[in-house]
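Colleague: the sequence and its predicted three-dimensional model are supplied below.
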Amino acid sequence: MNPDICRERENATFNTETLTNMLDGSAEKTRRRREIESLVINDPDFQHDDPNFMSRSERYDAAVKKSSQMIMKLRDYGISDPEEIYFYKRTARRTFHEAFGLHYTMFLPTLYSQCTPEQQKKWLPLAENFKALGTYAQTELGHGTHIRKLETTATYDPSTQEFVLNCPTVSSIKWWPGGLGKTSNHAIVLAQLYTLGKCHGLHAFIVPIRCMKTHQPLPGVTVGDIGPKFGFEEVDNGYLKLENVRIPRENMLMKYAQVEPDGSYLKPPSDKLTYGTMVFIRAMIVGESARALSKSCTIAIRYSAVRHQSELRPGEPEPQILDYQAQQYKLFPLLAAAYAFTFVGQYMSDTYHRITGHINQGDFSQLPELHALAAGLKAFTTWTANAGIEVCRMACGGHGYLCCSGLPDIYVTFTPTCTYEGENTVMMLQTARFLVKCYRQAREGQQLSGTVSYLNEQQRLQPQPVSSRPTVVNINDLASLVEAYKLRAAKLVEVAAKSLQGELQRSISQEDAWNNSSIELVRASDAHCHYVVVELFAAKLSEISDTAVHSVLNTLALLYALHGITLNSGDFLQLSQITQRIKALLVEIRPNAVALVDSFDYNDEMLNSVLGRYDGNVYESMFEWAKRSPLNRTEVRSFIIFNIIQKK
Ligand SMILES: CCC/C=C/C(=O)SCCNC(=O)CCNC(=O)[C@H](O)C(C)(C)COP(=O)([O-])OP(=O)([O-])OC[C@H]1O[C@@H](n2cnc3c(N)ncnc32)[C@H](O)[C@@H]1OP(=O)([O-])[O-]
Ligand SMILES: Cc1cc2nc3c(=O)[nH]c(=O)nc-3n(C[C@H](O)[C@H](O)[C@H](O)COP(=O)(O)OP(=O)(O)OC[C@H]3O[C@@H](n4cnc5c(N)ncnc54)[C@H](O)[C@@H]3O)c2cc1C
């Protein structure tokens, strides 16, 4: 064990096990998570080759093999709790993507949420037993964001009681769905529904695309892999062209909207229920932001504790790079954000399950807030985590650029979360749409509840507009900082609403007014989400009884809130005072930095990083890893070089 890293752990002011238990939910949950992780780590079937030394095809084959093994082993171990399945798979996957990822994350959840009981009876046994392997085919070459303009059609033929599916143009070819290219034999296809000559907009259909016996594409189906990408090497993101593909009427997902045998159409209670699976995944991505950032911080902070470089004071030994204030300023606010997002991720998941419970009982009243919250927090947390991972990589200097640091892989795997499941700017604009609507309702005297209830104060505080009120905060008091964030959000929502109003007064259309105000609208959403995160972090502290853990998390929460103020200084005041306080907080966090990342409890197998190793033995491991590079298998690799040298 590296002596630097040992000393860091000895000097921590709190018990890492207590904090880990809190993050997991309880000591029992930590015990069980570790037990499940060790099942994978000690399983010889999961000791695979390093994917960095494999070709794309080899990676795909290995991912399929691994996914099949996971299914069998989960059954053998009798693991059926969704959270436990998630722990098992997360550990087994490590740096791999799951070949059946879309089957679990989108195909099955869509069947659970949008099938009638009869449809569930037919499809769930097939899908849960992996006979029907599925994906979610929504995006087309021409449209990902503006899904109302998707061009694939499903036209009902009452004479045979079938839907006929077509991708009539090049731009209507389905493009991107994960697992579509080679793996899936079914797809949930989002298509414009036509019946009795009328278009009723997007609906979801279960479309068999490959034979369940031979796995050959079915007649009328052209399907394949879209080629190499920035990351996701082992995933066969695919294309799909449908030409006169007929499916039975019962293959339209009919929990909400229905087509009768004679072709008559029954409307759903809300036409946005078809978008339900996207809301689910957006809600879950918030927790993924926390995991990607906490992993990256674990690597960068542990490495910074063992890496020595440059001189602080002449003649003295080179310090740990973690002792540089500039290094702390890069990493500790991200560490604080990783904790904040962990709590926000738990909140988002709980909120999703609570509100969908109400939806299942027929109460749709909270759907707009759920959509706005999931869209905004997905965008806010993924943007921060995405930029943060890159900061962590650069904070490791040259070695951060090596694949064995684990950081490039975390980055390429994580960065598409800013794009998929709703491009982030577009998601922020959806949240803004909700905020502006709430702002107007509050102005009309309606009482708002939930995360936007602060907009009620607009009314109470009139006639003095929010934008003219000064922001004076006690920078040592979290409650006061929460107030400052609340005021900022109220102010920026007001600015956005007034910008829209101003544009409309120039007699331009709603749509143009919206476009001309989109910078203000995105800023309003960003401020709203930032407020929600700070508020949730503060609320979490009130649940913590252990004083040492409370104290260290309070320091992190202060740093998170104050650092956010410096990043958005135009919206807040008291800047120089805040900078001084931030410097003091960096000093306070420094002795606990390694212990704080240890508390995330990533074992070496999962972290998969030579720089972030628990024992800190970085250089020996890097050398060992380099020796495994295929280029090192022979001393003289290229005969071209050999010939050139010989000629000389
Ligand atoms: C491993 C991961 C693999 C990745 C997989 C993928 O990427 S899969 C592919 C992922 N692809 C994507 O994520 C595509 C992203 N694009 C979209 O989701 C949609 O095109 C859109 C939401 C941007 C606009 O939709 P639109 O043009 O139909 O709507 P509009 O803007 O005209 O607003 C009308 C009203 O609808 C409301 N409302 C909207 N959505 C929801 C909702 N989910 N729930 C509830 N409500 C919703 C909205 O608030 C508004 O309410 P208001 O104010 O009238 O009361
Ligand atoms: C790794 C990966 C996996 C994916 N998996 C799937 C899958 O399994 N199934 C599936 O169906 N799809 C999948 N997708 C597709 C993904 O959902 C879309 O790429 C995503 O929704 C963004 O749409 P787009 O590509 O059309 O971007 P565009 O909308 O073309 O975005 C381009 C730019 O235009 C801007 N823009 C667009 N509209 C607006 C607007 N109204 N206002 C302001 N700015 C705007 C955006 O902000 C962005 O800057 C995947 C994508 C990736 C990268």
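Modeller: Yep, that arrived. Numbering: from 1, shown residues only. Ligands and ions are numbered 1, 2, ... in the order given.
Colleague: got the contact list for L165?
Modeller: 152-154, 189, 191, 205, 207, 242, 244-247 (CB atoms under 8 Å, 6 or more residues apart in numbering). Backbone N, C-alpha and C define where each C-beta goes, glycine included.
Colleague: write out the residues of the stretch 301-450 of the chain neighbouring ligand 2.
Modeller: Residues of the stretch 301-450 of the chain lying near ligand 2 by CB under 6 Å from any ligand atom: 416, 419-420, 422-423, 425-426, 429.
Colleague: all helices of the stretch 51-200 of the chain, in order?
Modeller: Per DSSP state H, counting those that start in this stretch, the stretch 51-200 of the chain carries helices over the ranges 56-77, 82-93, 101-102, 108-114, 117-128.
Colleague: for the ones you listed, which one ends up most surrounded?
Modeller: Among those, helix 101-102 has the highest mean neighbour count (mean count of other CB atoms under 10 Å), at a mean of 24.
Colleague: in helices only, show me the residues of the stretch 301-450 of the chain next to ligand 2.
Modeller: Using DSSP state H, the members of these that fall in helices are 425-426, 429.
Colleague: for ligand 1, what are the nearby residues on the protein?
Modeller: Checking the chain against ligand 1 by CB under 6 Å from any ligand atom, the hits are 101, 105, 136, 138-139, 145-148, 178, 272, 275, 278-279, 367-368, 371, 420-422, 426, 430, 433-434, 437.
Colleague: PyMOL command for the buried members of these?
Modeller: With 16 or more other CB atoms under 10 Å as the criterion, this PyMOL line picks the buried residues out of those:
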select buried, resi 101+105+136+138+139+147+178+275+278+279+367+368+371+420+421+422+430+433+434
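Colleague: dump the helices of the stretch 51-200 of the chain into TSV; add distance to M622 as well.
Modeller: Below are the helices of the stretch 51-200 of the chain laid out as TSV (distance: least, CB to CB, whole Å):
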stretch	distance to M622
helix 56-77	23
helix 82-93	24
helix 101-102	30
helix 108-114	41
helix 117-128	43
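Colleague: so which of these is nearest D598?
Modeller: Of all the helices of the stretch 51-200 of the chain, the one in closest proximity to D598, counting by CB to CB, is helix 82-93 (17.7 Å).
Colleague: name the helix or strand for T222, please.
Modeller: strand 221-225 (DSSP states H and E).
Colleague: and the angle from that strand to helix 56-77?
Modeller: Between strand 221-225 and helix 56-77, the angle comes out at 100 degrees (axes from the mean of the first three to the mean of the last three CA atoms, to 10 degrees).
Colleague: in strand 221-225, what counts as buried?
Modeller: Buried-residue list, strand 221-225, by 16+ other CB under 10 Å: 221, 223, 225.
Colleague: circling back: between the residues of the stretch 301-450 of the chain next to ligand 2, which sits nearest L331?
Modeller: P416 (24.3 Å).
Colleague: and the closest one, what does it touch?
Modeller: 230-232 are the contacts of P416 under CB under 8 Å, 6+ apart.
Colleague: in the stretch 51-200 of the chain, what residue comes closest to ligand 2?
Modeller: G144 (2.3 Å; CB to the nearest ligand atom).
Colleague: would CSV of the residues of the stretch 301-450 of the chain next to ligand 2 with distance to A557 and pLDDT be doable?
Modeller: Formatted as CSV, those follow (distance: CB to CB, whole Å; pLDDT from 0 to 100):
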residue, distance to A557, pLDDT
P416, 30, 96
T419, 30, 97
Y420, 30, 97
G422, 29, 96
E423, 30, 98
T425, 28, 98
V426, 30, 98
L429, 29, 98
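Colleague: assign the closest residue to ligand 1 within the stretch 451-600 of the chain to helix, strand or coil.
Modeller: Ligand 1 sits closest to W514 of the stretch 451-600 of the chain, with a gap of 9.9 Å, by CB to the nearest ligand atom. Secondary structure state of W514, per DSSP: H, G, I helix; E, B strand; the rest coil, is helix.
Colleague: give me the pLDDT value at the closest residue to it other than its chain neighbours.
Modeller: Sequence neighbours aside, L500 is the residue nearest to W514 in space, at 6.8 Å (criterion: CB to CB, 6 or more residues apart in numbering). According to the prediction, L500 has pLDDT 95.
Colleague: related to what we said a few turns ago, what is the nearest of the ones in helices among the residues of the stretch 301-450 of the chain next to ligand 2 to ligand 1?
Modeller: Out of those, the member with the shortest distance to ligand 1 (by CB to the nearest ligand atom) is V426, at 5.1 Å.
Colleague: which residues does the strand holding T222 contact?
Modeller: So strand 221-225 is in contact with 180-182, 209-210, 217, 236-243, 245, going by CB under 8 Å, 6+ apart.
Colleague: next helix or strand past that strand?
Modeller: strand 238-242.
Colleague: what are the C-alpha coordinates of that following strand, in PDB please?
Modeller: Extracted as PDB, the C-alpha positions of strand 238-242 are listed here (Å, rounded to 0.1, in the frame of the first residue of the first chain):
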ATOM      1  CA  GLY A 238     -28.500   0.200 -35.700                       C
ATOM      2  CA  TYR A 239     -30.500   1.300 -38.700                       C
ATOM      3  CA  LEU A 240     -33.900  -0.100 -39.700                       C
ATOM      4  CA  LYS A 241     -35.900   0.400 -42.900                       C
ATOM      5  CA  LEU A 242     -39.400  -1.000 -43.000                       C
END
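Colleague: paired strands for the strand holding T222, with orientation please.
Modeller: Counting by DSSP bridges, the strands paired with strand 221-225 are strand 238-242 (antiparallel).
Colleague: the strand it pairs with close to ligand 2?
Modeller: No - contact of strand 238-242 with ligand 2 (CB under 6 Å from any ligand atom) is absent, the minimum separation being 8.9 Å.
Colleague: and T110, what does it touch?
Modeller: T110 sits in contact with 136, 188, 204, 253, 276-277, where contact means CB under 8 Å, 6+ apart.
Colleague: make CSV out of those and add pLDDT and distance to E457.
Modeller: Formatted as CSV, those follow (pLDDT from 0 to 100; distance: CB to CB, whole Å):
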residue, pLDDT, distance to E457
Y136, 97, 41
I188, 98, 43
A204, 97, 41
L253, 97, 42
G276, 85, 33
T277, 86, 36
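Colleague: show me what the top helix by length along the chain is packed up against.
Modeller: Under DSSP H, the helix in the chain containing the largest number of residues is helix 325-360. Applying 3 or more CB pairs under 8 Å, 6 or more residues apart in numbering; DSSP states H and E, one finds that helix 325-360 makes contact with helix 276-306, helix 367-395, helix 518-541, helix 547-567, helix 575-589, helix 593-598.
Colleague: weakest of the ones you listed by average pLDDT?
Modeller: helix 575-589 (a mean of 85).
Colleague: quick one: contacts for the residue nearest the centre of the chain?
Modeller: Geometric centre of the chain, nearest residue: I285, 2.8 Å, by CA atoms, centre = their mean. Residues near I285 by CB under 8 Å, 6+ apart: 378, 381-382, 417, 421.
Colleague: pull out the buried positions in the longest helix of the chain.
Modeller: Buried-residue list, helix 325-360, by 16+ other CB under 10 Å: 327-328, 330-349, 351-352, 355-356, 359.
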